[in-house]
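Enquirer: The sequence and its predicted three-dimensional model are supplied below.
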Amino acid sequence: MIKIKKDVVVIGGGPAGLAAAAKVYDNGIEDVMILERDFELGGILPQCIHNGFGLHHFGEELTGPEYSQRFENEVEERNIEVKLDTMVLDVTADKKVFAMNKDQGAMEIQAKAVILAMGCRERTAGAIGIPGTRPAGVLTAGTAQRFTNIEGYVPGKKVVILGSGDIGLIMARRMRLEGADVKAVCEILPYTGGLTRNVVQCLEDYDIPLMLNHTVTKIIGNDRLEAVEITEVDENMKPIPESSEIVEADTLLLSVGLIPENELSKKADVVLDKRTNGPIVNEGRETNIDGIFACGNVLHVHDLVDWVTEESQIAGEWAAKYIKGDYNRTSKKIDVKAGENVSYVIPQSIELEAEDRKRIPLYMRVNTPLQAVDIALYADGEKLYSFSEPFAKPGEMISVPLAQKTLDDLDEISEIRVDIIEKEGE
């Protein structure tokens, strides 16, 4: 086994890992290594050929490959070491990374800091337990996207999509552009799971039906999918049998949720949040294990890659500071809590001393769609400030910056809570 020493090891070469590695380098730690299991960098972005990326971070509209290429260029310009086709097998709490590839075989890499940036995976038909057979033609929306945009294969001609996540919405449009008959996008919830702009641009602009409160209750077919049974659900999400309809289809695409890839995190004894399925972190995206950081979709599922970049740069900056010993922790950390109508808040704690604090963005999602909301922050039950938004949706992450003045006054505070409530009379 080859033994290697590195200051920082970044696990994952997608948008999170690339942004974090470049930020580590720019903060004075140049001995950085990126480990990526795929044959190329970029993660999911090379297959996302649609535009809409970069509006927040770059102030211009880019495709996925264009967005990824900018950060790949940054990594190349900094001469950061990258190992492709490299599978990470284990990570320990003392920051040993065990990996393997065909060129060097087994490697033991001792790092001073580790950044977890493994991304997420899609839920499959097995994960949601759809009744019926398992013929060809049932696949995740992301797999269909790769087949179509990278491999050059259109998966089918008569398509039903289950789930209204962003990938599913985008693939509804993509299949229509390839000439497929997209029968419907079915969503078991009474609201969509993706960005509003994707509902408009991918469904409404192409007259693709959106069937809320509906799900697929049966897969029909032997060798190849022949049809699906679509059924309306009640307020408890239980199928209403008399509403069932058989729809002819040769392809069923699943866009039913994403799962952060945290098997390696668990091996390193990183504590996970049951709400996000990602690590519990402080404002520097440091986990409960000193020197192990997490960012991007391995931490919580994002809807915009721009937020992934912002968060990953925070992790990269802090990883560099950790190695240099450039920050001090408080003796009493401040817990950040999800309050009324909030499903989670990232980070879950603030640990820096006052003189080391600067702007801290809080990322959060609501539990259910709300109209005309007040987003209010409380310190130990006392209201700090609030602001209004026209709406809040579970599919659209909310970013709330903690102002510098607020941060300066937190020395005696033990808890910050965020509530998102509808305005009275609205």
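Expert: Arrived safely.
Enquirer: drop to CA atoms for contacts and neighbour counts, all remaining ones
Expert: OK.
Enquirer: Now do the strands in the stretch 1-150 of the chain.
Expert: Using DSSP state E, counting those that start in this stretch, the strands of the stretch 1-150 of the chain run over residues 2-11, 32-35, 51-53, 62-63, 81-83, 87-91, 96-101, 105-116, 120-122, 138-140.
Enquirer: and if you look at the stretch 201-350 of the chain?
Expert: Along the stretch 201-350 of the chain, counting by DSSP E, counting those that start in this stretch, strands occupy 210-212, 214-221, 225-232, 245-248, 251-254, 258-260, 292-294, 329-338, 342-346, 349-352.
Enquirer: Would you give the sheet partners of the fourth one, along with the direction of each?
Expert: Each strand paired with strand 245-248, and its direction, by DSSP bridges: strand 225-232 (antiparallel).
Enquirer: now the longest one
Expert: For strand 329-338, the paired strands and their directions (DSSP bridges) read strand 349-352 (antiparallel), strand 415-422 (parallel).
Enquirer: Could you give the number of residues near A111?
Expert: A111 has 22 neighbours, counted by other C-alpha atoms under 10 Å.
Enquirer: List the contacts of the closest residue to it other than its chain neighbours.
Expert: Of all residues not flanking A111 in the chain, K6 sits nearest, at 4.8 Å (C-alpha to C-alpha, 6 or more residues apart in numbering). Residues near K6 by C-alpha atoms under 8 Å, 6 or more residues apart in numbering: 31-33, 109-112.
Enquirer: my guess is I80 contacts L35, does it?
Expert: No: contact between I80 and L35 fails when scored by C-alpha atoms under 8 Å: they sit 11.0 Å apart.
Enquirer: When those two are compared, which one has more neighbours?
Expert: When I80 and L35 are compared for neighbours, L35 comes out ahead with 25 against 17, by other C-alpha under 10 Å.
Enquirer: Just list whatever residues bridge to the more buried one.
Expert: With DSSP bridges as the criterion, L35 is bridged to I11, K83.
Enquirer: you'd agree it is up against G14?
Expert: No: counting by C-alpha under 8 Å, L35 does not reach G14; the two are 10.2 Å apart.
Enquirer: Tell me the residues that contact both of these two, please.
Expert: Between them, L35 and G14 share no contacting residue, judged by C-alpha under 8 Å, 6+ apart.
Enquirer: pull the helix or strand with minimum mean pLDDT from this structure.
Expert: helix 404-408 (a mean of 69; mean pLDDT, DSSP states H and E).
Enquirer: So in the chain, which helix runs the longest?
Expert: helix 305-324 (DSSP state H).
Enquirer: That helix - contacts with which helices or strands?
Expert: helix 15-26, strand 105-116, strand 292-294 (3 or more C-alpha pairs under 8 Å, 6 or more residues apart in numbering; DSSP states H and E).
Enquirer: What strands line up against the second one, and which way round?
Expert: What it means is strand 105-116. By DSSP bridges, strand 105-116 pairs with strand 2-11 (parallel), strand 96-101 (antiparallel), strand 292-294 (parallel).
Enquirer: Check these for me and report the most buried one.
Expert: Greatest average neighbour count among the strands paired with strand 105-116 goes to strand 292-294 (a mean of 32), per mean count of other C-alpha atoms under 10 Å.
Enquirer: How about residues contacting it?
Expert: Contacts for strand 292-294 (C-alpha under 8 Å, 6+ apart): 95, 113-117, 279, 281, 284-287, 312, 315, 319.
Enquirer: repeat for stretch 258-272
Expert: Contacts for stretch 258-272 (C-alpha under 8 Å, 6+ apart): 89-93, 95, 116, 118-123, 277-280, 287-289, 297-301.
Enquirer: Filter those residues down to the buried ones.
Expert: Taking 16 or more other C-alpha atoms under 10 Å as the criterion, what is buried in those is 90-93, 95, 116, 118-120, 122-123, 277-280, 287-289, 297-301.
Enquirer: which residues touch the residue most central in space within the chain?
Expert: The C-alpha lying nearest the average C-alpha coordinate of the chain belongs to V301 (C-alpha atoms, centre = their mean; 2.5 Å). Taking C-alpha under 8 Å, 6+ apart as the contact definition, V301 lies against 120, 258-260, 276.
Enquirer: Now it: phi and psi?
Expert: Phi and psi for V301, reported as degrees, to the nearest 10, are phi -80, psi 120.
Enquirer: Relative to L254, how far out is it?
Expert: Separation of V301 from L254 (C-alpha to C-alpha, to the nearest Å) stands at 17 Å.
Enquirer: can you check V114 too?
Expert: With C-alpha to C-alpha as the criterion, V114 and L254 are 33 Å apart.
Enquirer: cool, and D7?
Expert: 40 Å.
Enquirer: same thing with S349?
Expert: From S349 to L254 the distance is 35 Å (C-alpha to C-alpha).
Enquirer: cool, L169 as well?
Expert: L169 is 11 Å from L254, by C-alpha to C-alpha.
Enquirer: And V418, by the same measure?
Expert: Distance from V418 to L254, by C-alpha to C-alpha: 33 Å.
Enquirer: Look at the two and report which has more neighbours.
Expert: L254 (28 against 24).
Enquirer: residues contacting the closest residue to that one other than its chain neighbours?
Expert: Excluding its sequence neighbours, the residue lying closest to L254 (C-alpha to C-alpha, 6+ apart) is T140, at 4.5 Å. With contact set as C-alpha under 8 Å, 6+ apart, T140 has these partners: 122-124, 253-255.
Enquirer: Tell me the spacing between T140 and V228.
Expert: Remark: distance between T140 and V228 (C-alpha to C-alpha) = 15 Å.
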